[in-house]
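Engineer: sharing a model prediction with you, sequence too.
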Amino acid sequence: MTNRRKFLQKTGLNSLLAAFGLSTAACSIAGDKSKKTLLSTAIKTTKPSVIATWNNQKATAAAWQVIAKGGRALDAVEKGVQVPEADPTDQSVGYGGRPDREGKVTLDACIMDENGDCGSVCFLQHIKHPISVARKVMENTPHVILSGEGAFQFALSQGFEKENLLTDLSKKEYEEWLVNSEYKPIINIENHDTIGMITIDKNGDISGACTTSGMAYKLHGRVGDSPIIGAGMFVDNEVGGAVATGVGEAVLKTLGSFLVVELMRQGKSPQAACEEAVQRIAKKQQYKDIQVGYCAINKAGEYGGYSIQPGFNYAIYQDNKSEVFDATSFLK
């Protein structure tokens, strides 16, 4: 009777795990603690959610409107990040972004859907919504990344209009910067930040986007982490998603967003995964004078954020409620 009971318990567990793409063998490899974490995460109901770097509540609200109406996560994330892209007062994204050291506004963006399909543009000029061009790359070409003049010409072929993205405010600041031409990013000031966003729709599908005008007064042609899948943003529909902000070079060297998602796959909470990703930077790179922040969300709607320096925050929209949280940090 004891053996029969154990057999029934084991086969019952196997059936439950199989429903979520897991196995007892996979769980036992990770150990009992990880097995419990994986199982408890798997059986929770997916919660429609929007999460974004920084206090981007207007952007998360725009994305939530799509989610609330039963829309697709991909449409929601594109709609959400278009808000700061079109805002001339947001000088780290899109229209109004601070230029490079030659006075050119150059944009980077990427997008990724629940199927793992993705598109990206980098070093793009004259187009207000690079995130939408990135989506066209994903949907209308066999490629993942288009750059520079090629990306611009592709955008024009897709119906996008050429625009002047350098506002009077950003031009004035650039002219003042030219006096000393000192390249020194300031922690938590909008000359090296971005918006990254992850959305989960009512079907439980996940999409992500990341868009930026990059570091102010950078070398002409510089590309950061934002348009690189696995660095500035990464999603896995079985697990969750993560986005990065801050000094892109530090994120690129560790493929931070991919790392966060893989750590969640192994059973870590979003918070613990973000902490580990920041600690990887601190172990291998000079970090005391830079900022990098991650925020992440898993399939169950659990979320977290962490950064090198104090001052990073992230916005979350769940249960018809918008909130902003200050992330904890490696340095105090």
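Structural biologist: Alright, I've got the coordinates.
Engineer: only C-alpha atoms from now on, for both contacts and neighbour counts.
Structural biologist: OK.
Engineer: ok, now which ones touch the closest residue to Phe312 other than its chain neighbours?
Structural biologist: Using CA to CA, 6 or more residues apart in numbering and skipping the chain neighbours, the partner closest in space to Phe312 is Ala327 (5.7 Å). Contacts for Ala327 (CA atoms under 8 Å, 6 or more residues apart in numbering) come out as 304-307, 310-314.
Engineer: closest to Val251 among the residues you listed?
Structural biologist: Comparing these against Val251 with CA to CA picks out Ser307 as the nearest, at 11.6 Å.
Engineer: the closest one: how many residues sit nearby?
Structural biologist: Neighbourhood size, Ser307 [other CA atoms under 10 Å]: 27.
Engineer: can you tell me how far it sits from Arg222?
Structural biologist: Counting by CA to CA, to the nearest Å, the separation of Ser307 from Arg222 is 23 Å.
Engineer: now do Ser181
Structural biologist: In terms of CA to CA, Ser181 sits 17 Å off from Arg222.
Engineer: repeat that for Gly119.
Structural biologist: 19 Å.
Engineer: can you check Thr211 too?
Structural biologist: Thr211 is 15 Å from Arg222, by CA to CA.
Engineer: roughly how far is stretch 306-316 from the heart of the chain?
Structural biologist: Taking CA atoms, centre = their mean, to the nearest Å, one finds the center of stretch 306-316 at 13 Å from the center of the full chain.
Engineer: buried ones in it?
Structural biologist: Neighbour-count burial for stretch 306-316 flags 306-316 (criterion: 16 or more other CA atoms under 10 Å).
Engineer: now do the helices in the stretch 201-332 of the chain.
Structural biologist: Shown for the stretch 201-332 of the chain, the helices assigned by DSSP state H, counting those that start in this stretch span residues 248-252, 256-265, 270-284.
Engineer: give the other helices and strands that the first one contacts.
Structural biologist: Read it as helix 248-252. strand 292-298 (3 or more CA pairs under 8 Å, 6 or more residues apart in numbering; DSSP states H and E).
Engineer: contacts for the strand it packs on?
Structural biologist: 51-53, 198, 239-248, 250-251, 257, 260-261, 264, 269-271, 274, 278, 303-309, 312, 314.
Engineer: how about a cut-off of 7 Å?
Structural biologist: 53, 239-247, 270, 274, 303-308, 312, 314 (CA atoms under 7 Å, 6 or more residues apart in numbering).
Engineer: correct me, but Asp193 touches Ser92?
Structural biologist: Yes: look at Asp193 against Ser92 with CA atoms under 7 Å: they come within range, at 5.8 Å.
Engineer: coming back round to it: a markdown table for the helices of the stretch 201-332 of the chain, including distance to Arg98, mean neighbour count and mean pLDDT?
Structural biologist: Shown next, in a markdown table, are the helices of the stretch 201-332 of the chain (distance: least, CA to CA, whole Å; neighbours: other CA atoms under 10 Å; pLDDT from 0 to 100):
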| stretch | distance to Arg98 | mean neighbour count | mean pLDDT |
| --- | --- | --- | --- |
| helix 248-252 | 16 | 21 | 95 |
| helix 256-265 | 25 | 25 | 98 |
| helix 270-284 | 26 | 20 | 97 |
